[in-house]
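In: Sequence and computational prediction follow.
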Amino acid sequence: MKAKTTLEDLVGIEHCKLGFYQELQQKVEQLKTSNQELEKKRKEIQAVLDGITDLMVVLSEDLQIQQVNHVFTEWFPGIDPIGRTCHEVFRGSNGRCDDCPALRSLDLGEIVKDLFIYKVDNKFRHFEIIASPLKMTPSGERSVLVFKRDVTLEKEFQAQFYQAEKMATIGALAAGVAHEINNPLTAISGFAEGLRRRIGRVQDRVEPEIYADFEEYTDTIIKECLRCRDIVQTLLTFSRPVASSLWPVDMNQCVGDTLFILKHHFKERHGLTVKTDLPKDLPKIMGDESQLKQVIINLVTNAFDATGEGGRIDIITRNREGGGVELIVEDSGCGIPVELQDKLFEPFFTTKPVGKGIGIGLSTCYAIVRHHRGEITVTSEEGRGASFKVSLPGIEV
């Protein structure tokens, strides 16, 4: 038989309900406060992330992109990267990159820094990459945070600094050489001219063969003195200060002056063939003569170093499509491996042994060509030589 509900029972139930509602209301207020604090922290973190100009990517163990920051949409507008691999998005490749910093970071369990050069919009860009492993999730999955920073401008400034230092040293050396050589050359040339004037007075007193020999010797001395003077003057054009403005330049003349300087260099390599194809109707370009000669001498010297006995170097100039000039330096040397071609224009990168170069030649060429609003590209196959092409715009009318 059911017990009757008393007044005291009803009052107890209502009191319990009231206590429950009060406790629930307190919990709701606490959750609201916690939510506001979390939202505030989220906004602070988002503000910090938005202030970072580096591209940030979170990658899984199999290099699939899990998360990106706002910089990604600026670099790659209209692309949804989530679920795709980093090498597919950044390099357009189905295979993993050699010496991947993300994989090294995961394997070593530490931060890995590296520098890479990628071709973006037909231009070589320098990127500093920092990979940092993240804590393992409860399910045992690992991920890595990757920062990618464009340091192209910094590297260009660095290369220009070392180029300026090198050219300043060459300038001081050339000025000293010109001073020290011109004085004895003037004396030698002057005495040879005096001998040539006086030799006619003894023509009737010596045998014709001896007179002809003396005449030939004095002419040779004078001619070689003039040649040395031209060499010194040409050397000085390589060390002139960088001009703030560009002037009309004959590229064929630049090639000719450079080859004149390198003649003795070519004689060291037996059987080396150096051929030029320099059309006479080549238009002039706006440029700095000393800088362009620096580009030519670097490219030709590299071709010489890569070419063995009986090799061949071709130097070609031609009209550029759309106006301007193209300079092509080809060699039959050892070629450049594909995996190294993107690094060629990186400062201090060199394939030469110690003592044969410090690796700023091609990076300097790249900076100079960019300064002239041009492009420099390389085509090579390992064991089959290399071809460097410099494309420079013409004079705007």
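Out: Perfect, I can see it now.
In: alpha carbons only for contacts and neighbour counts from here, please
Out: Noted.
In: give me phi/psi at Thr377?
Out: phi -130, psi 160 (degrees, to the nearest 10).
In: Just the endpoints, please. Distance across stretch 372-392?
Out: End-to-end distance of stretch 372-392 (C-alpha to C-alpha, to the nearest Å): 7 Å.
In: Could you give me the buried positions within stretch 195-210?
Out: Arg196 (16 or more other C-alpha atoms under 10 Å).
In: Stretch 303-315 now?
Out: So stretch 303-315, judged by 16+ other C-alpha under 10 Å, has buried residues 303-304, 306-308, 311-315.
In: list the contacts for Glu193?
Out: Glu193 makes contacts with 218, 222, as judged by C-alpha atoms under 8 Å, 6 or more residues apart in numbering.
In: Let me see the confidence value for it.
Out: With respect to pLDDT, Glu193 has a value of 86.
In: Distance check, it against Glu381.
Out: 55 Å.
In: likewise Tyr211?
Out: For Tyr211 relative to Glu381 (C-alpha to C-alpha), the value is 59 Å.
In: tell me the mean pLDDT for whichever strand or helix holds His264?
Out: Using DSSP states H and E, His264 sits in helix 251-266. Averaging pLDDT along helix 251-266 gives 85.
In: buried ones in it?
Out: For helix 251-266, by 16+ other C-alpha under 10 Å, it's 251-252, 254-255, 257-259, 261, 266.
In: Please apply the same query to stretch 320-337.
Out: 320, 324-336.
In: which stretches of this structure form helices?
Out: With DSSP state H, the ranges of helices along the chain come out as 7-51, 70-75, 86-91, 101-108, 152-199, 208-237, 251-266, 289-306, 338-341, 361-371.
In: Please render these as a markdown table that adds distance to Phe124 to the earlier fields.
Out: Written out in a markdown table, the entries for those read as follows (distance: least, C-alpha to C-alpha, whole Å):
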| stretch | distance to Phe124 |
| --- | --- |
| helix 7-51 | 26 |
| helix 70-75 | 15 |
| helix 86-91 | 13 |
| helix 101-108 | 20 |
| helix 152-199 | 8 |
| helix 208-237 | 29 |
| helix 251-266 | 24 |
| helix 289-306 | 17 |
| helix 338-341 | 11 |
| helix 361-371 | 9 |
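In: Look at the closest residue to Glu215 other than its chain neighbours and report its pLDDT.
Out: Leaving aside its sequence neighbours, Glu215 sits nearest to Arg196 (C-alpha to C-alpha, 6 or more residues apart in numbering; 6.7 Å). Listed pLDDT for Arg196 reads 84.
In: quick one: strands adjacent to the longest strand along the chain?
Out: Counting by DSSP state E, the longest strand found in the chain is strand 123-133. Applying DSSP bridges, strand 123-133 is found paired with strand 112-120 (antiparallel), strand 143-150 (antiparallel).
In: pLDDT averaged over stretch 71-84, what's the number?
Out: The model assigns stretch 71-84 a mean pLDDT of 85.
In: can you pull the buried residues of that stretch?
Out: 71-72, 81-82.
In: Would you format the residues you listed as CSV with distance to Arg125 included?
Out: What follows is those, written out as CSV (distance: C-alpha to C-alpha, whole Å):
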residue, distance to Arg125
Val71, 17
Phe72, 16
Pro81, 21
Ile82, 24
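In: Kindly indicate which of those residues lies nearest Ile181.
Out: Val71 (58.6 Å; C-alpha to C-alpha).
In: and the gap between the nearest residue to the closest one once chain neighbours are set aside and Val300?
Out: Closest residue to Val71 apart from its sequence neighbours, by C-alpha to C-alpha, 6+ apart: Leu55 at 5.2 Å. The gap separating Leu55 from Val300 is 38 Å, by C-alpha to C-alpha.
In: out of the two, which sits in the more crowded spot?
Out: Val300 (24 against 19; other C-alpha atoms under 10 Å).
In: show me the contacts for that one.
Out: Val329.
In: Could you measure from it over to Gly333?
Out: Taking C-alpha to C-alpha, one finds Val300 at 12 Å from Gly333.
In: Among the buried residues of helix 251-266, pick out the one closest to Ile221, please.
Out: Using C-alpha to C-alpha, those come closest to Ile221 at Ile261, 19.7 Å.
In: low-scoring pLDDT stretches of the stretch 1-150 of the chain, where are they?
Out: Applying pLDDT under 70 to the stretch 1-150 of the chain flags residues 1-20, 45-46, 48-50, 120-122, 137.
In: ok, now with 80
Out: 1-25, 42-53, 91-92, 98, 116-125, 135-140 (pLDDT under 80).
In: now swap in the stretch 251-397 of the chain and tell me
Out: Looking at the stretch 251-397 of the chain by pLDDT under 80, you get 261, 264-265, 267-271, 290, 308-310, 337-364, 367, 383, 395-397.
In: Kindly recompute the last result at 50.
Out: Low-confidence regions of the stretch 251-397 of the chain, defined by pLDDT under 50, span residues 348, 353-360, 397.
In: Return the member of the buried residues of stretch 320-337 nearest to Ile130.
Out: Distances from Ile130 to the buried residues of stretch 320-337, taken by C-alpha to C-alpha, are shortest for Ile336, at 27.6 Å.
In: Having no further points to raise, I will conclude here.
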